[in-house]
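Enquirer: no FASTA, just this:
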Ligand SMILES: Nc1ncnc2c1ncn2[C@@H]1O[C@H](COP(=O)(O)OP(=O)(O)O)[C@@H](O)[C@H]1O
Ligand SMILES: O=C(CO)[C@H](O)[C@H](O)COP(=O)(O)O
């Protein structure tokens, strides 16, 4: 992916270097990053979804937020320098569209569950033990649910649909988004067992590697943003993979922990590791693999008990070098995906100490223990030895938590090149522009 140490963040229009744009459509908003070929960031922008209404599951709201973030980004750079655009989105969010890309139902978001027993039984029966398509939140379960609707031509992931607004293509996805919909990333095709679940194969999107060019801007998208119709649209990825790429981690054994609303960990591996019994799956990136999983623990649990201001205030009073010994497993509600896959796992947040700072500290310790267990499970299953961890997400800024994690993980915690998923996706946009000879 190039040398992540070549950095230098400069805002403005003072150079004529070509630019690639990465767009991240996430749980709370849309972000855009313009990146130069040396991976330095020329400009970035953020727009909250709520600016366009409270319904974060309305594709029209996603697009308004993306269009607004892109317009803001383009106002600060030379539009003629833009060569390519790629998009990442929440992993496992699916929507059914007609042949013109019009949504045929409200999307099912990444955390939505399909509760139809026939669908879940069909996937459980047909999917190989190692498939990431198992479970009620999988993309495949959602596709099987949606295919009952009339008028559906294709199932698209959130990132595919946004990219389609740029390219006019509503029939294509990337290997990372397709993983949880059952795509076989080792054989690089939709496997035959999917048809046996009852899925209409023609409704699944074509799949290409992240970073491949899928088309050019439509004349209307080019007009809307004042960009050349030669700008390449490049296959993107999931938000989790994009966050990994943004950090600049490139060596086998490099780990990345995302301390956002949830806790996601990934390690760069020379082989895929798949163990749905622990919620572990592997995304493919070229000939390397991002092995890991996502826990339901994380910042959302902290936010249930403390305001952000209180977290910051209390964290300053925490001594990270001692342990409370409370052994919490912080969850918002019962149910965990990784490193323990148990839909009924209860939260463990007792006994409650008198001091509020100790209560927060015990939660931070508990989340750090889940993170350490996650990396340990990956090692047990054959992942390379963990050599370092880079951190992204809101919790990465908490110094007391970082010190607690350092003790529990026992490896160097390194600075991330960027903690914006959009910067990881901009790297894919650069790959595509390079492939198309546009740099
Ligand atoms: N200083 C902090 N210490 C601990 N947690 C924090 C801190 N700042 C933010 N958070 C947590 O990070 C989460 C937001 O992180 P972010 O990466 O923006 O989330 P998202 O996954 O929704 O994109 C919130 O749930 C919040 O509780
Ligand atoms: O919880 C999520 C929603 O933001 C993440 O998308 C997800 O857990 C990470 O998935 P992946 O590893 O496939 O990128």
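Expert: Perfect, I can see it now. Worth saying up front: this structure is predicted, and the values here are computed from it rather than measured. Ligands and ions are numbered 1, 2, ... in the order given.

Enquirer: What mean pLDDT does stretch 66-77 get?
Expert: Here stretch 66-77 scores 98 as its mean pLDDT.

Enquirer: Could you do stretch 213-222 as well?
Expert: Mean pLDDT, stretch 213-222: 98.

Enquirer: what comes up buried for that stretch?
Expert: For stretch 213-222, burial by neighbour count (16 or more other C-beta atoms under 10 Å) applies to 213, 214, 215, 216, 217, 218, 221, 222. C-beta here means a position set from N, CA and C on the backbone, and glycine is covered the same way.

Enquirer: for that stretch, how far is the first residue from the last?
Expert: 17 Å (C-alpha to C-alpha, to the nearest Å).

Enquirer: same check, this time on stretch 178-190
Expert: Criterion C-alpha to C-alpha; first-to-last residue distance in stretch 178-190 is 9 Å.

Enquirer: ok, now stretch 293-311?
Expert: End-to-end distance of stretch 293-311 (C-alpha to C-alpha): 26 Å.

Enquirer: residues contacting the closest residue to residue 274 other than its chain neighbours?
Expert: Nearest residue to residue 274, sequence neighbours excluded (C-beta to C-beta, 6 or more residues apart in numbering): residue 130, at 3.8 Å. Each residue near residue 130 by C-beta atoms under 8 Å, 6 or more residues apart in numbering is listed here: 274, 275, 276.

Enquirer: ok but residue 130 is inside a helix, no?
Expert: No: per DSSP: H, G, I helix; E, B strand; the rest coil, residue 130 lies outside any helix segment and is coil.

Enquirer: So it versus ligand 2, what's the distance?
Expert: According to C-beta to the nearest ligand atom, to the nearest Å, residue 130 and ligand 2 sit 15 Å apart.

Enquirer: what does residue 30 give?
Expert: Residue 30 sits 13 Å away from ligand 2, taking C-beta to the nearest ligand atom as the criterion.

Enquirer: Could you do residue 178 as well?
Expert: Distance from residue 178 to ligand 2, by C-beta to the nearest ligand atom: 10 Å.

Enquirer: Same check on residue 264?
Expert: Taken as C-beta to the nearest ligand atom, the span from residue 264 to ligand 2 is 5 Å.

Enquirer: how near is whichever residue of the stretch 101-250 of the chain sits closest to ligand 2 to residue 54?
Expert: Taking C-beta to the nearest ligand atom, ligand 2 has its nearest neighbour within the stretch 101-250 of the chain at residue 240, 2.2 Å off. Counting by C-beta to C-beta, to the nearest Å, the gap from residue 240 to residue 54 is 25 Å.

Enquirer: So for these two, which residue has more residues nearby?
Expert: Neighbour count, other C-beta atoms under 10 Å: between residue 240 and residue 54, residue 240 has more, with 27 against 8.

Enquirer: Ligand 1 contacts on this structure?
Expert: Contacts of the chain with ligand 1, taken as C-beta under 6 Å from any ligand atom, map to 26-28, 260-261, 299-300, 302-303, 308, 311-312, 393-395, 397-398, 401.

Enquirer: and those residues, which are buried?
Expert: Burial by neighbour count, judged by 16+ other C-beta under 10 Å, picks out 26-27, 260-261, 299-300, 302, 311, 393-395, 398, 401 from these.

Enquirer: Between these, which sits nearest ligand 2?
Expert: The nearest member of those to ligand 2, counting by C-beta to the nearest ligand atom, is residue 27 at 5.5 Å.

Enquirer: Quick check: that closest one is in a helix.
Expert: No: counting by three-state DSSP, residue 27 falls outside a helix, being coil.

Enquirer: Please determine how far it is located from residue 111.
Expert: 9 Å.

Enquirer: swap in residue 429?
Expert: In this structure, residue 429 and residue 111 are 27 Å apart, going by C-beta to C-beta.

Enquirer: okay, now residue 352: neighbour count?
Expert: Neighbour count of residue 352, defined by other C-beta under 10 Å: 12.

Enquirer: my guess is it meets residue 363, correct?
Expert: No: using C-beta atoms under 8 Å, residue 352 is not in contact with residue 363, being 10.6 Å away.

Enquirer: tell me what the longest helix along the chain is packed against?
Expert: Criterion DSSP state H: the longest helix present in the chain is helix 356-380. Applying 3 or more C-beta pairs under 8 Å, 6 or more residues apart in numbering; DSSP states H and E, we find helix 356-380 packed against strand 254-259, strand 263-269, strand 288-295, helix 299-305, helix 308-315, helix 399-409.

Enquirer: on that earlier part again, now the contacts of residue 130 in TSV, with pLDDT, secondary structure and neighbour count?
Expert: What follows is the contacts of residue 130, written out as TSV (pLDDT from 0 to 100; DSSP: H, G, I helix; E, B strand; the rest coil; neighbours: other C-beta atoms under 10 Å):
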residue	pLDDT	secondary structure	neighbour count
274	94	coil	20
275	93	strand	21
276	89	helix	21
